[in-house]
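[1] here are the coordinates; sequence isn't available:
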């Protein structure tokens, strides 16, 4: 029996996770899926406003016992402290050493891309998830004065760089992908990204079946708009992966179709979440796109070893799209709950529409 901790979070996060749970419940009911879950509504802005604690040590110890975490989104406009969301997301990522951030970028339907050429887009960004500028190394000097100095340091270790690059090559081999692209800024960041260069090309020699190449991040951003269908796997730093995955999401229809997984392949732990935020201005309107949350559930199921169920979920999403059942951000008219209902009800009737 696999155990999942569910954190709906804030804003539309709670709404899209509700649709994901409809689908998970349908899988449990119809196929006796050996999964149980517990919802943690207190890990949220509402909980923080009541207690002043974003994620208590006690709660985090509970989360560590689960096989996976299913997260909606974190961010509440009533909370001005930027540390609130950070203390939840980064505590989980760093505390569980979820060093791989997988962000698939896949065009679900030609009409969803704003690009003129409607070619197939299907690549994955493998983002390092526990180092770089996100470790909060740095500080202020003379803060609040005209002489203020603010320093933020990018931390890159051999262990961290080696394991994410090696994971990216192994992922490409396991998924039948033939090309991997390192994205960095080694022409300017001549210390940190020199390490990435050396490790990447060393590992490339150990995986001769994979075509290895390299782009500077500014050129990579251009090429993702110009010829995204040529990419298969991108491996990159924490900061650049964060930025490029949002760009990737936009070229296939927006963040409403962008799932992600935060994983540790060695421990088997993982946290799965839509890339989008809590979008408070849309909360409570039943208009948020649940596809990213539903596809994140598919990633979660696949990671836990339930490949057949993961495929069923993805197929049902394609069936919804084929039937015109999608939200207004994609040009449709369906509500959040209508999309979730359709996918849940068609899990076992999909003819197999995955391209």
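    Right, received. Where do you want to start? Here the structure is a predicted model, which is why all the values come from computation and not from measurement.
[2] what stretches of the protein score poorly on pLDDT?
    349-355 (pLDDT under 70).
[3] how near is the residue nearest the centre of it to residue 73?
    In the chain, the centroid-proximal residue (Cα atoms, centre = their mean) is residue 260; its distance is 2.1 Å. Plainly put, residue 260 is 12 Å away from residue 73 if you go by Cβ to Cβ, to the nearest Å. From N, CA and C alone the C-beta is placed, and that goes for glycine too.
[4] ok, the residue nearest to residue 112 when sequence neighbours are not counted to residue 194 distance?
    Spatial nearest neighbour of residue 112, chain neighbours left out: residue 253 (3.4 Å); criterion: Cβ to Cβ, 6 or more residues apart in numbering. Separation of residue 253 from residue 194 (Cβ to Cβ): 37 Å.
[5] could you do residue 219 as well?
    Noted for residue 219: a distance of 18 Å to residue 194, by Cβ to Cβ.
[6] in the lengthiest strand in the chain, which residues are buried?
    Using DSSP state E, we find that the single longest strand of the chain is strand 132-141. Within strand 132-141, the residues scored as buried using 16 or more other Cβ atoms under 10 Å are 132, 134-135.
[7] toward the C-terminus, what is the element adjacent to it?
    Sequence-wise, the next helix or strand downstream of strand 132-141 (DSSP states H and E) is strand 149-155.
[8] next secondary structure element downstream of that next one?
    Per DSSP H and E, the first helix or strand lying C-terminal to strand 149-155 is helix 158-174.
[9] now the strands for the chain?
    Using DSSP E, the strands assigned to the chain run over residues 2-9, 35-39, 68-73, 100-106, 122-128, 132-141, 149-155, 179-184, 211-216, 233-236, 259-263, 270-274.
[10] quick one: contacts of the fourth one?
    It stands for strand 100-106. With contacts defined as Cβ atoms under 8 Å, 6 or more residues apart in numbering, strand 100-106 is touched by 121-129, 164, 167, 171, 228, 238, 241, 245, 248-249, 251-252, 258-265, 275, 295, 299.
[11] tell me which residues of stretch 306-321 come out buried.
    306, 309-321.
[12] how about those in JSON lines, adding distance to residue 25?
    Listed next are the buried residues of stretch 306-321 as JSON lines, based on distance: Cβ to Cβ, whole Å:
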{"residue": "306", "distance to residue 25": "14"}
{"residue": "309", "distance to residue 25": "12"}
{"residue": "310", "distance to residue 25": "16"}
{"residue": "311", "distance to residue 25": "18"}
{"residue": "312", "distance to residue 25": "14"}
{"residue": "313", "distance to residue 25": "12"}
{"residue": "314", "distance to residue 25": "18"}
{"residue": "315", "distance to residue 25": "18"}
{"residue": "316", "distance to residue 25": "14"}
{"residue": "317", "distance to residue 25": "17"}
{"residue": "318", "distance to residue 25": "21"}
{"residue": "319", "distance to residue 25": "19"}
{"residue": "320", "distance to residue 25": "17"}
{"residue": "321", "distance to residue 25": "22"}
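[13] mind picking the one among these that's closest to residue 342?
    residue 320 (4.9 Å; Cβ to Cβ).
[14] how far away is the closest one from residue 79?
    34 Å.
[15] again with residue 310
    Distance of residue 310 to residue 79, computed by Cβ to Cβ: 34 Å.
[16] residue 155 against residue 138, yeah?
    No: counting by Cβ atoms under 8 Å, residue 155 stays clear of residue 138, with 9.9 Å between them.
[17] give me the common contacts of the two.
    Counting by Cβ under 8 Å, 6+ apart, residue 155 and residue 138 have no contacts in common.
[18] thinking again about what came up before, list only those of the contacts of strand 100-106 flagged as buried.
    Burial by neighbour count, 16+ other Cβ under 10 Å: within those this picks out 121, 123-129, 164, 167, 171, 228, 238, 241, 245, 248-249, 251-252, 258-265, 275, 295, 299.
[19] count of residues packed around the nearest residue to residue 17 once chain neighbours are set aside?
    Once flanking residues are discounted, residue 17 sits nearest to residue 72: 4.0 Å by Cβ to Cβ, 6+ apart. Neighbour count for residue 72, taken as other Cβ atoms under 10 Å: 27.
[20] give the contact list for residue 72.
    The contact partners of residue 72, by Cβ under 8 Å, 6+ apart, come to 7-10, 12-17, 273-274, 278, 293.
[21] nearest to residue 204 among those residues?
    For the contacts of residue 72, the minimum distance to residue 204 (Cβ to Cβ) is 30.6 Å, reached by residue 273.
[22] got the angle between the longest helix seen in the chain and strand 270-274?
    In the chain, taking DSSP state H as the definition, the longest helix is helix 12-31. Calculated by axes from the mean of the first three to the mean of the last three Cα atoms, to 10 degrees, helix 12-31 forms an angle of 120 degrees with strand 270-274.
[23] fine by me, thanks again.
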